[in-house]
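Peer 1: sequence and computational prediction follow.
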Amino acid sequence: MKRNKIWNGQLNLLLFAGLLASLFAIELLHTTSAFAQEQSENPAWVKKVGARKTPKSNKIFKVNDYGAVADGKTLNTKAIQDAIDACATKGGGIVSFENGTYLTGSVFVKKGVNLQIGKGVEIRGSQNIEDYPEIDTRVAGIEMKWPAALVNIIDQKNAAITGEGTIHAQGKPFWDMYWKMRKEEYEPKGLRWIVDYDAKRPRTVLVSGSTDVTISGLTLKQAGFWTVHVLYSEFVTIDGLIIRNNVDGHGPSTDGVDIDSSSYVLVKNCDIDCNDDNFCLKAGRDADGLRVNKPAEYIVIRDCISRKGGGLITFGSETSGSIRHVLAQNLTAKGTGIGIRFKSATTRGGTVEDIYMKDIYMDEVGTPIEVSMNWNPSYSYSTLPEGYDYETIPPHWKTMLEKVEPAEKGIPKFKNVHIEDIKVTNAKKALSASGLENSTIEEFYFKDIDIEAETAGQINHANGWKFENVTFTTKDNSKLSVENSSDMDL
């Protein structure tokens, strides 16, 4: 009898242990499944973006040892370049600056070099365009001769520009030049479409044809043109930049970060105040972009803030090579003109697809979501006015005037876009979307969206849109207008 009691007690303990084990297994399975689900929310390629390596050598090359003077007046282009060249020749390392202000024209960072602009250092861009040599590059969607940037990484591997210092491009004279040309000469002659290309202004940072590049920590001010341009490159990290272009005015075309026909790019922890698109994805325009046919793809933009500017995140208007496989997450827009923006034109072509945007907060944004396939016609379409001889016009004018043939190649496509967990306050118009009769905006999915705006807006020429838990609260009590659209689950 005593033995049976002991046995029964042991059996009960075993049963209880088994029950605990089962419960633990169920909980573990639940936790593992939740974790697996969380991990599977983002596609596998997301883990591959960004620079895979950075310059490792800690050998220091001080620009001051090569003749640089930190007085803000002496032109230090040669001294800085000599330090970079010496560093690259001797296997790489760190090119550094003693505290102070350094005036320079274009410099070119090379393989294995980390151009380190430390706290207490300010690089100032020359205001003489002659200090920026013209190079073969692509700008605003076409390949042409254009001034080099202030700081360049061109056709290099494993290079970096880092530090907590400042690059002040001093771009205001280039803004003034642009406005004078546009208002006094080009617009009166019907040449609005080409003035952006004739008014040559230096970018602040250019990464072109390069691999494994890191740009981090810097404050960038008053770009003459685009601030950071990543072109034809892959495995690039842009981390922790503060961009302040609205200094002493509002400069034209002072985009924040432009990712142009590049892949595996990571942008994070950036704070941008500019006067054009804050974060922008591009892939060439019109016949020239279709010729190059190189996509912008595998791009992550996360944990960033946009302030003044044309768009928190913009796709286009240069879409010719296609833009695809993009994740934008945990972004904030404060006072930005447009929030999420898709724009192209009927001569661009290309497809924008497989786009995921989530966890975004916007306040005092003009239009939180805007889609346009016929954007800014006076800029987007090129026509040579009477009185000009085609044979004698500049080569880049001819590039811009080249017809897309057949014309159907110029029709853009937007499809498979997912927008989720968006909160918007104090907007003007909740949504504006305009496709084309021969190219409807396809398969846009909206989930958990809450927008407070003055008016609701409209959708035209769309197909296959789905709204789940979407609320528009409007001051004028308007409802979303939907025209020329089908299969719309709103």
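Peer 2: The structure has been received and is ready for your questions.
Peer 1: check contacts around Asp450.
Peer 2: 422-424, 470-471, 473 (C-beta atoms under 8 Å, 6 or more residues apart in numbering). In short, each C-beta sits where N, CA and C put it, glycine included.
Peer 1: how does it look with 6 Å?
Peer 2: Applying C-beta atoms under 6 Å, 6 or more residues apart in numbering to Asp450 gives the contacts 423, 471.
Peer 1: sketch out the helices for the chain, chain order is fine.
Peer 2: Assigned by DSSP state H, the helices in the chain fall at 2-40, 77-89, 172-181, 192-198, 286-292, 377-380, 395-401.
Peer 1: contacts for the fifth one next, please.
Peer 2: It refers to helix 286-292. Helix 286-292 is contacted from outside by 141-142, 284, 320-321, 347, 349, 399, 402, 404, using C-beta under 6 Å, 6+ apart.
Peer 1: so, low pLDDT: which residues of the stretch 1-150 of the chain?
Peer 2: When residues are selected by pLDDT under 70, those of the stretch 1-150 of the chain lie in 1-40.
Peer 1: give me that answer again for 80
Peer 2: 1-41 (pLDDT under 80).
Peer 1: mind checking the longest strand of the protein?
Peer 2: Under DSSP state E, the strand in the chain containing the largest number of residues is strand 413-434.
Peer 1: report the distance from stretch 251-263 to the chain centre.
Peer 2: Offset of stretch 251-263 from its chain centre (C-alpha atoms, centre = their mean, to the nearest Å): 6 Å.
Peer 1: kindly report the same for stretch 247-254.
Peer 2: With C-alpha atoms, centre = their mean, you get 18 Å for stretch 247-254.
Peer 1: start and end of that stretch, how far apart?
Peer 2: Using C-alpha to C-alpha, to the nearest Å, the end-to-end distance of stretch 247-254 comes to 11 Å.
Peer 1: what's the answer for stretch 224-244, then?
Peer 2: Stretch 224-244 has an end-to-end distance of 12 Å (C-alpha to C-alpha).
Peer 1: before we move on, back to that, let me see the mean pLDDT of the longest strand of the chain.
Peer 2: Average pLDDT, strand 413-434: 98.
Peer 1: so what strands line up beside it?
Peer 2: Applying DSSP bridges, strand 413-434 is found paired with strand 351-363 (parallel), strand 367-372 (parallel), strand 441-460 (parallel).
Peer 1: go through the longest one and flag the buried ones.
Peer 2: This points to strand 441-460. Residues of strand 441-460 classed as buried: 441-446, 449, 451-453, 455-460 (neighbour count, 16 or more other C-beta atoms under 10 Å).
Peer 1: please apply the same query to stretch 136-155.
Peer 2: Going by neighbour count (16+ other C-beta under 10 Å), the buried part of stretch 136-155 is 137-144, 146-154.
Peer 1: same question for stretch 405-422.
Peer 2: 410-422.
Peer 1: out of those residues, who's nearest Ile272?
Peer 2: Ile272 lies nearest to Ile422 out of the buried residues of stretch 405-422, by C-beta to C-beta, at 19.2 Å.
Peer 1: report the beta-bridge partners for that closest one.
Peer 2: Ile360, Ile449.
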